[in-house]
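Student: only geometry, no sequence info:
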């Protein structure tokens, strides 16, 4: 598919993914990477060009906001939010992405070594005959969450260009560093000026989410004693071996690769170990608050056992990241009902599911802005086998217009 035949929203998406906005939790800056400011400025200029009102950038922390005034007499207001950064892992340079037209249901070779195989990713079969945006097999695509940005921007353009679509005040916000857990930290809720919002940051089209994980990150460091193995008896303390022992104390069936739905997990995200020193990082996740606390306590008990066995060699620090927003959304279930009705009006079967992750919406809900999450249409986020059906991208913009529309 050449650029001339692309829909406007698809062109918009390719323009956004050409900017590398991969966040990095190790820089210690806000935003964590300069590319996010590049996209922030692009979005601010684009909003001004299409006529969005009160466009403003937070030059210190890299947020951009805008408004579409009501065009009818109503008190109804709603916000739409997506994040500008992409996840760590594969490269954030998505310039090698392409469109596979009229997908035939077979294996898609992304490069000589990496493929998209429907035997491994059976959801691909749902899109036979559609056009799939895919990666080069090396980089992320960036649909998480540049698809959401493209959909919100396309919705805004349509509302501004068609006065026949009656709507209340619409607020738009784009955030940095969601992937490293700080996207909502400096979000200007008061200046955003609405009582309710949606994040557009989910997966397959039709998904609606208002239950997310409770989340914590665990940092483990182990100090060993390095000595020549020929004279090691009674003296060597092997930090790499201790790291393996510690991990074995956590339940194997509660790893991400063995869990689904509401099941929580311990995820070993990172390990760097030798005889003298080891570092590990875990994600701890559970939808249920009591089970979440049990998981943290289980990890502390494992640390206590290791320290009793190895004379205090291990240090454990657990930091809570975000919490389940379910109880904060339940008093406002009209948000879920409105989203269901919008999907149905666009011919899409809505599906309410728990988020096996988190969004800015969880943190914003705890800060007083109830904010459930909507699909973007993307699949296989956070890896080089990410893909996005063009038709889902286009249809999600229709859904957002329906949510905004006064019925």
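Tutor: Now that the structure is in, tell me what you want to look at. Keep in mind the model is a prediction, meaning the values are calculated, not measured.

Student: The chain - how does it break down into domains?
Tutor: What automatic domain parsing lists as the domains of the chain is 3-211+324-404, 214-321.

Student: ranking those domains by burial, who's on top?
Tutor: For these, average neighbour numbers computed from mean count of other CB atoms under 10 Å are highest in domain 3-211+324-404, which has a mean of 20. Bear in mind the C-beta positions are built from the backbone N, C-alpha and C, glycine included.

Student: Quick one, grab the pLDDT at residue 184.
Tutor: Listed pLDDT for residue 184 reads 93.

Student: do the one 3 residues further on as well
Tutor: On the pLDDT scale, residue 187 is placed at 98.

Student: what about it, which helix or strand?
Tutor: Applying DSSP states H and E as the criterion places residue 187 outside every helix and strand.

Student: measure residue 298 to residue 265 for me?
Tutor: Summarising the geometry, the distance separating residue 298 from residue 265, computed by CB to CB, to the nearest Å, is 12 Å.

Student: any chance you could map the helices in this structure?
Tutor: With helices called from DSSP state H, the chain shows them at 8-17, 35-50, 143-161, 189-192, 239-248, 289-309, 326-329, 334-345, 360-366, 390-404.

Student: now those helices as a markdown table including distance to residue 270?
Tutor: Formatted as a markdown table, the entries for these read as follows, by distance: least, CB to CB, whole Å:
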| stretch | distance to residue 270 |
| --- | --- |
| helix 8-17 | 26 |
| helix 35-50 | 23 |
| helix 143-161 | 20 |
| helix 189-192 | 33 |
| helix 239-248 | 11 |
| helix 289-309 | 15 |
| helix 326-329 | 29 |
| helix 334-345 | 36 |
| helix 360-366 | 23 |
| helix 390-404 | 32 |
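
Student: what ranges do the strands span in the stretch 101-250 of the chain?
Tutor: For the stretch 101-250 of the chain, strands defined by DSSP state E, counting those that start in this stretch occupy the ranges 108-109, 115-116, 132-134, 169-175, 197-202, 207-209, 214-223.

Student: ok, residue 397 touching residue 149?
Tutor: No. Contact status for residue 397 versus residue 149: not in contact, 11.3 Å apart, counting by CB atoms under 8 Å.

Student: So for residue 17, which of the strands of the stretch 101-250 of the chain sits nearest?
Tutor: Ranking the strands of the stretch 101-250 of the chain by proximity to residue 17 (CB to CB) places strand 132-134 first, at 8.7 Å.

Student: so residue 198 sits right up against residue 396, yeah?
Tutor: No. In this structure, residue 198 sits apart from residue 396 without contact. The criterion is CB under 8 Å, and the distance is 11.3 Å.

Student: And the residue of the chain most remote from its centre, how far from residue 225?
Tutor: Centroid-distance maximum for the chain: residue 231 at 50.1 Å, with CA atoms, centre = their mean. When distance is defined by CB to CB, residue 231 is 12 Å away from residue 225.

Student: Equivalent analysis for residue 35, please.
Tutor: Distance check for residue 35 against residue 225: by CB to CB, it reads 43 Å.

Student: Next: residue 364.
Tutor: Look at residue 364 and residue 225: by CB to CB, they are 47 Å apart.

Student: mind checking the end-to-end distance for stretch 89-108?
Tutor: Taking CA to CA, to the nearest Å as the measure, stretch 89-108 stretches 22 Å from start to finish.

Student: okay if I get the strands of the stretch 101-250 of the chain as a markdown table plus mean pLDDT?
Tutor: Converted to a markdown table, those look like this (pLDDT from 0 to 100):
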| stretch | mean pLDDT |
| --- | --- |
| strand 108-109 | 98 |
| strand 115-116 | 98 |
| strand 132-134 | 98 |
| strand 169-175 | 98 |
| strand 197-202 | 98 |
| strand 207-209 | 97 |
| strand 214-223 | 96 |
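
Student: Let me have the ones you listed in CSV, extended by distance to residue 238.
Tutor: Converted to CSV, the strands of the stretch 101-250 of the chain look like this (distance: least, CB to CB, whole Å):
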stretch, distance to residue 238
strand 108-109, 43
strand 115-116, 39
strand 132-134, 44
strand 169-175, 43
strand 197-202, 43
strand 207-209, 44
strand 214-223, 9
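
Student: To residue 237, which of those lies closest?
Tutor: For the strands of the stretch 101-250 of the chain, distance to residue 237 was read as CB to CB. The smallest value, 7.9 Å, belongs to strand 214-223.

Student: List the neighbouring strands of that closest one plus their orientation.
Tutor: Using DSSP bridges, the neighbouring strands of strand 214-223 in the sheet come out as strand 277-286 (antiparallel), strand 314-322 (antiparallel).

Student: Figure out which of those strands is closest to residue 307.
Tutor: When the strands paired with strand 214-223 are ranked by distance to residue 307, counting by CB to CB, first place goes to strand 314-322 at 5.5 Å.

Student: Tell me how far the closest one lies from the chain's centre.
Tutor: 21 Å (CA atoms, centre = their mean, to the nearest Å).

Student: quick one: that strand to helix 289-309, angle?
Tutor: Angular relation of strand 314-322 and helix 289-309 on a 0 to 180 degree scale: 170 degrees, by axes from the mean of the first three to the mean of the last three CA atoms, to 10 degrees.
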